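Undergrad: what's the 3D shape of this:
(chains A, B and C)
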Amino acid sequence: MKQNRFKRQARDALDWYDANARDLPWRVGPSARAAGLRPDPYRVWLSEVMLQQTTVATVRPRFAAFVSRWPSVGALAAAAEDDVFGEWAGLGYYARARNLHRCAKVVASDLNGVFPDTEEKLLALPGVGPYTAAAIAAIAFDARAIVIDGNIERVAARLFAIDRPVRVAKADIRERLDRIWPNDRCGDFAQSLMDLGATICTPRKPSCPICPLNDHCLAAAGDDPARYPTKPAKPVRPDRAGAAWALFDGRDRVLLVRRPPKGLLGGMMALPSAGWSDHDDAPPAAAQWKDAGSIEHVFTHFRLTLTVHAGAAPKGMRLREGEVWADAASAAVPTVMRKAIDRAIAHRDSRNSPSPA
DNA sequence: TAATCGTGGTC
DNA sequence: TGACCAAGATT
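TA: Numbers count the residues shown, from 1 in each chain, chains lettered A, B, ... in the order given. Predicted coordinates:
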């Protein structure tokens, strides 16, 4: 297929994409794409939100679970917020789950269930920032939007040999990308650069010899393509410590409370805990607390050592406001809380049936 | 603007 | 083992 309407960089990337695009559940296949079929905006939006700072491998099964349970934006909008949080548990960045549900409600109620087809309107939706707005516009609607994610930023920094840190070179990168960006197949071009970044133009040890953009790449012409993009040094991660209390009833259930709607683990169910975030819970009432050991967890900006206390609920105990009993082994909670609950369960079981040393 | 916000995989 | 990294948004 001749594609003379494209600049050479775009033509080469698109040709490569036509032969090598990753098969992903939120995309349409090559034959459907050739027939002019576009992907479902709902699925594009959902995948883009899930993929924010999250790997394809992690998203794949979660995306399948979401679209199976909620096949349309209307279905998602009609869901209970708690069910959305439950499906999101373990995915991280929990503000995304809240904004996802808010966005679904806006689209379903105010926009008749139809996603906007322009960057500007998409940008107004909750949880949709500059990247996601451009990605949806380009991929779902083939609008001419310049899509810049971490992959494309890296590919561009190498293609144009941009020496300054990407933080300060953002406008320059956008300008240079604009010059080679096609006027149609914008979504495919964006995804071609993302696939290139994920499979060939990787952060470490890029496979320049097999790259379709090798002939155009200023970094590849130099002696160390991997030195682009330049990144500032990361700040050190401080240590924090706290306590969590796992109160069990007699039937393998554990007491959970809901975290405040904003901030760390916002809106998610969790063990009562204190001392490590800006929110402290009071310890529940137990006849006696036993030290169940501790767990470690690494967040984006600190490391946490959480001391876990395990106890049994007093007979006839009544739940206070916001407290619930949940099956300890299967409760939908953030990973740090899953570790803590598992630690408490292990402690309880080791006490009940000591294993041989 | 810079800080905040999770988690799992890789080398 | 620890540092880096992944289809960023919000305030």
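Undergrad: what about the helices in the stretch 51-200 of chain A?
TA: Using DSSP state H, counting those that start in this stretch, the helices of the stretch 51-200 of chain A run over residues A:56-69, A:73-78, A:81-88, A:95-110, A:119-123, A:130-141, A:150-159, A:170-180, A:186-199.
Undergrad: list the buried residues in the second one.
TA: Read it as helix A:73-78. Neighbour counts over helix A:73-78 (16 or more other CB atoms under 10 Å) mark A:Val73, A:Gly74, A:Leu76, A:Ala77 as buried. All C-beta atoms are positioned from the backbone trio N, CA, C, and that covers glycine.
Undergrad: quick check, nearest of those residues to A:Asp172?
TA: Nearest to A:Asp172, judged by CB to CB, of those is A:Val73 at 36.5 Å.
Undergrad: tell me, how many residues neighbour A:Ser109?
TA: Neighbour count for A:Ser109, taken as other CB atoms under 10 Å: 11.
Undergrad: pull up the per-residue confidence for it.
TA: Looking at A:Ser109, its pLDDT reads 98.
Undergrad: closest to A:Gln288 out of the helices of the stretch 51-200 of chain A?
TA: helix A:81-88 (31.7 Å).
Undergrad: rewinding a little: now render the buried residues of helix A:73-78 as JSON lines, adding distance to DNA strand B.
TA: Output for those, formatted as JSON lines (distance: CB to the nearest atom of the strand, whole Å):
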{"residue": "A:Val73", "distance to DNA strand B": "23"}
{"residue": "A:Gly74", "distance to DNA strand B": "27"}
{"residue": "A:Leu76", "distance to DNA strand B": "20"}
{"residue": "A:Ala77", "distance to DNA strand B": "22"}
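Undergrad: still on that earlier bit, just so I know, which of the helices of the stretch 51-200 of chain A lies nearest A:His279?
TA: Using CB to CB, the helices of the stretch 51-200 of chain A put helix A:95-110 closest to A:His279, at 14.9 Å.
Undergrad: identify the residues contacting the closest one?
TA: The contact list for helix A:95-110 (CB atoms under 8 Å, 6 or more residues apart in numbering) reads A:45-46, A:49-50, A:52, A:73-74, A:76-79, A:81, A:84-85, A:88, A:91, A:113-115, A:125-128, A:261-262, A:266-267.
Undergrad: try stretch A:306-318
TA: Under CB under 8 Å, 6+ apart, the answer for stretch A:306-318 is A:241-250, A:255, A:273, A:276, A:283-297, A:336, A:339-340, A:343-344, A:347-348.
Undergrad: how about A:Leu122, what does it touch?
TA: Shown in contact with A:Leu122 (CB under 8 Å, 6+ apart): A:Phe115, A:Pro116, A:Val128, A:Thr132, A:Ala133, A:Ile136, A:Ala137.
Undergrad: now the strands for the stretch 201-350 of chain A?
TA: A:239-248, A:253-258, A:269-270, A:273-274, A:289-298, A:303-312, A:323-327 (DSSP state E, counting those that start in this stretch).
Undergrad: the second one - contacts with which helices or strands?
TA: Pointing back at strand A:253-258 there. Counting contacts by 3 or more CB pairs under 8 Å, 6 or more residues apart in numbering; DSSP states H and E, strand A:253-258 is packed against strand A:239-248, strand A:269-270, strand A:323-327.
Undergrad: give me that answer again for 6 Å
TA: If contacts are counted by 3 or more CB pairs under 6 Å, 6 or more residues apart in numbering; DSSP states H and E, strand A:253-258 sits against strand A:239-248, strand A:323-327.
Undergrad: that strand close to DNA strand B?
TA: No: Strand A:253-258 stays clear of DNA strand B (CB under 7 Å from any atom of the strand), getting no nearer than 13.6 Å.
Undergrad: distance between that strand and the chain's centre?
TA: Put simply, strand A:253-258 sits 25 Å off its chain's centre (CA atoms, centre = their mean, to the nearest Å).
Undergrad: where does the stretch 1-150 of chain A have low pLDDT?
TA: A:1-3 (pLDDT under 70).
Undergrad: now do 80
TA: Within the stretch 1-150 of chain A, the ranges that satisfy pLDDT under 80 run A:1-4.
Undergrad: near DNA strand C, which residues of it are found?
TA: A:22, A:24, A:26-27, A:47-48, A:51-56, A:93, A:95, A:99, A:126-133, A:135, A:149-150.
Undergrad: separate out the buried members of these.
TA: Of those, these count as buried by 16+ other CB under 10 Å: A:24, A:26-27, A:47-48, A:51, A:99, A:127-128, A:131-133, A:135, A:149.
Undergrad: tell me which two in the residues you listed are the farthest apart.
TA: With distances taken as CB to CB, the most widely separated pair in these is A:Arg27 and A:Asn99, at 23.4 Å.
Undergrad: which non-adjacent residue is nearest the residue in chain A positioned nearest to DNA strand C?
TA: The minimum distance from chain A to DNA strand C, using CB to the nearest atom of the strand, falls at A:Gly129 (2.3 Å). The shortest distance from A:Gly129 to any non-neighbouring residue, by CB to CB, 6 or more residues apart in numbering, is to A:Leu123 (7.3 Å).
Undergrad: I figured that neighbour hits A:Thr132, correct?
TA: No: A:Leu123 is not in contact with A:Thr132 according to CB atoms under 6 Å; the separation is 8.5 Å.
Undergrad: where does the stretch 251-357 of chain A have low pLDDT?
TA: In the stretch 251-357 of chain A (pLDDT under 80), the answer is A:286-287, A:351-357.
Undergrad: show me the contacts for A:Arg240.
TA: Contacts of A:Arg240 were listed using CB atoms under 6 Å, 6 or more residues apart in numbering, and they are A:Trp276, A:Phe302, A:Leu304.
Undergrad: okay but the last one is in contact with A:Val298, surely?
TA: No: in terms of CB under 6 Å, A:Leu304 does not count as a neighbour of A:Val298; the distance is 7.5 Å.
Undergrad: understood, closing this out.
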